[in-house]
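**Q** okay, sequence plus prediction incoming.
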Amino acid sequence: MDNGSENYNMDNNRNTGNDGRNDTVPPTPKNFPDGDQISAASWLRAIMEAAIDFAIITTDRNGIIIDWNSGAEKIFGYSRKEVRGSATDIIFTPEDRAGGLPAQELEIARSTGRSVDERWHLRKDGTRFFMSGVMTPVALTQDLGFVKISRNITDRKLAEEALMLSEQRKNMAVQSAGMGEWEWDLQTNVVTLNDQALLLLGWGAERSGLTDNPLIGQAHQLDRPAVEAALQRAKDGIYIFHTEYRVIRDDNQQASWINVYGRVVNHESPEALKMIGVVYDINSRKLLEKQKDDFISVASHELKTPVTAIKVYSEILRERFSGTVENENVHLLDLLNNQVDQLMDLVKTLLDSSALNEGRIALNPEVFDLNESITTRVQQLRVVL
């Protein structure tokens, strides 16, 4: 055009002035002279062609395709010439066509003003993809038509299905393991437990929204301080609540061992706001551990008697050989006494481990010389070998 006005160039999507330079500023309707309908249509076409990630389809009132953009060509595989005059049925799957869904989509858009379409669709080569789109009516001259804007969201759909499958597998694993699930709002103190968690605590399914957390409230009085300490550590920044303890069941008032694992899932604020986790029964494991501890305790006591006797006899023999020329025998008896002392220490350790598991002993860490311990052991082995 003359007088230095700008023309829209469809080939390079640039504004070209009278000096021949390309301007990166896109044209707007005010760039077009009044009444220049051809330029306005070209501008609209350019917008549609630029949306290559979206399929933009225009149809008449009966769903016959009038036109579609390059994005639709890319997504569906049909060229513009191939689809003009065809019904939108060609992009629907055979089962959706048999169910009359293309006609339903038109009717919903006509009667309500919009029709949302999220389902599997068909490409020209027969492959399927998941599309999300919306169809709305538009006025075409004196007649009514429709425009449909859609996008391929197959990746998102597959990710959602993978997440759902993972959730189903997790639920199956939780159910097969007899685990209960719980969620605790630390601000309102409202606890939600699933049926299995309620069962482990001796509650009925109707008690799912509890304001007094039974995971803490039903803890055995001897175990509660340790449970509360573990909970406080989780709130203070560890963000993991994991402990084993006894609870008093609500239905029979009997003690039952449970393992509770939880994690803070919302800690944007300085304080922990919410925790989720699982709980499961460990009575069988605790029973086995008790049987093991009982066996160790009995075996240790049974070993203690003969080991003590051996110690006494070795001391008597040493006294008899002392002051004689049997120095080698005295040395061997000293080594025997050392081995007996180690055996007695082992028996004592077994007894202590049993008492430790039952909570009847406190640990008292102390510093020792590792080099001295290794040297002593090497000397003992040299005599034996």
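**A** Received it, and whenever you're ready, just let me know what you need.
**Q** return the residues in contact with residue 108.
**A** 114, 115 (CB atoms under 8 Å, 6 or more residues apart in numbering). Where C-beta positions appear, they are placed from N, C-alpha and C, glycine not excepted.
**Q** pull out the buried residues from the helix or strand hosting it.
**A** Residue 108 is part of helix 101-112 when elements are defined by DSSP states H and E. Neighbour counts using 16 or more other CB atoms under 10 Å place 101, 102, 105, 106, 109 of helix 101-112 among the buried residues.
**Q** pretty sure the second one sits against residue 89.
**A** Read it as residue 102. Yes. Counting by CB atoms under 8 Å, residue 89 is a contact partner of residue 102 at 4.9 Å.
**Q** okay, and the common contacts of the two?
**A** Joint contacts of residue 102 and residue 89 (CB under 8 Å, 6+ apart) are residue 63.
**Q** now the helices for the stretch 201-350 of the chain?
**A** 214-217, 224-233, 283-321, 327-357 (DSSP state H, counting those that start in this stretch).
**Q** dump the ones you listed into CSV; add mean pLDDT, distance to residue 135 and mean neighbour count as well.
**A** Rendered in CSV, the data for the helices of the stretch 201-350 of the chain read as follows (pLDDT from 0 to 100; distance: least, CB to CB, whole Å; neighbours: other CB atoms under 10 Å):
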stretch, mean pLDDT, distance to residue 135, mean neighbour count
helix 214-217, 85, 51, 20
helix 224-233, 89, 54, 15
helix 283-321, 79, 60, 13
helix 327-357, 76, 69, 15
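**Q** can you map out the strands along the stretch 151-300 of the chain?
**A** 180-185, 190-193, 209-210, 240-248, 255-266, 274-281 (DSSP state E, counting those that start in this stretch).
**Q** so which elements touch the fifth one?
**A** To tie it back to what came earlier, the one meant is strand 255-266. Under the contact criterion of 3 or more CB pairs under 8 Å, 6 or more residues apart in numbering; DSSP states H and E, strand 255-266 touches strand 240-248, strand 274-281, helix 283-321.
**Q** count residues in the vicinity of residue 249, would you?
**A** Neighbour count of residue 249, defined by other CB atoms under 10 Å: 18.
**Q** and for the one 5 residues further on?
**A** Burial of residue 254, expressed as a neighbour count using other CB under 10 Å, amounts to 10.
**Q** between the strands of the stretch 151-300 of the chain, which gets nearest to residue 156?
**A** strand 255-266 (23.1 Å; CB to CB).
**Q** buried stuff in stretch 70-81?
**A** For stretch 70-81, by 16+ other CB under 10 Å, it's 70, 71, 72, 73, 75, 76, 78.
**Q** no, scratch that, I was asking about stretch 48-60
**A** 48, 54, 55, 56, 57, 58, 59.
**Q** beta partners of residue 120?
**A** residue 130 (DSSP bridges).
**Q** so what's it up against?
**A** 93, 96, 128, 129, 130, 131.
**Q** roughly how far apart are it and residue 225?
**A** Taking CB to CB, to the nearest Å as the measure, residue 120 falls 58 Å from residue 225.
**Q** without its sequence neighbours, what residue ends up closest to residue 136?
**A** Distances taken as CB to CB, 6 or more residues apart in numbering put residue 114 closest to residue 136, at 5.0 Å, once the chain neighbours are dropped.
**Q** measure the one you found to residue 182 for me?
**A** 42 Å.
**Q** before we move on, back to that, and which of the buried residues of stretch 48-60 is nearest to residue 187?
**A** Using CB to CB, these come closest to residue 187 at residue 54, 42.7 Å.
**Q** host element of the nearest residue to that closest one once chain neighbours are set aside?
**A** Nearest non-adjacent residue to residue 54, counting by CB to CB, 6+ apart: residue 71, 4.8 Å away. In this structure, residue 71 sits in helix 70-76 according to DSSP H and E.
**Q** so what's the gap between that helix and the chain middle?
**A** 36 Å (CA atoms, centre = their mean, to the nearest Å).
**Q** and the helix or strand just after it, what does it pack onto?
**A** Once the chain leaves helix 70-76, the next helix or strand it forms, by DSSP H and E, is helix 80-83. Helix 80-83 sits against strand 65-68, helix 70-76, with contacts defined as 3+ CB pairs under 8 Å, 6+ apart.
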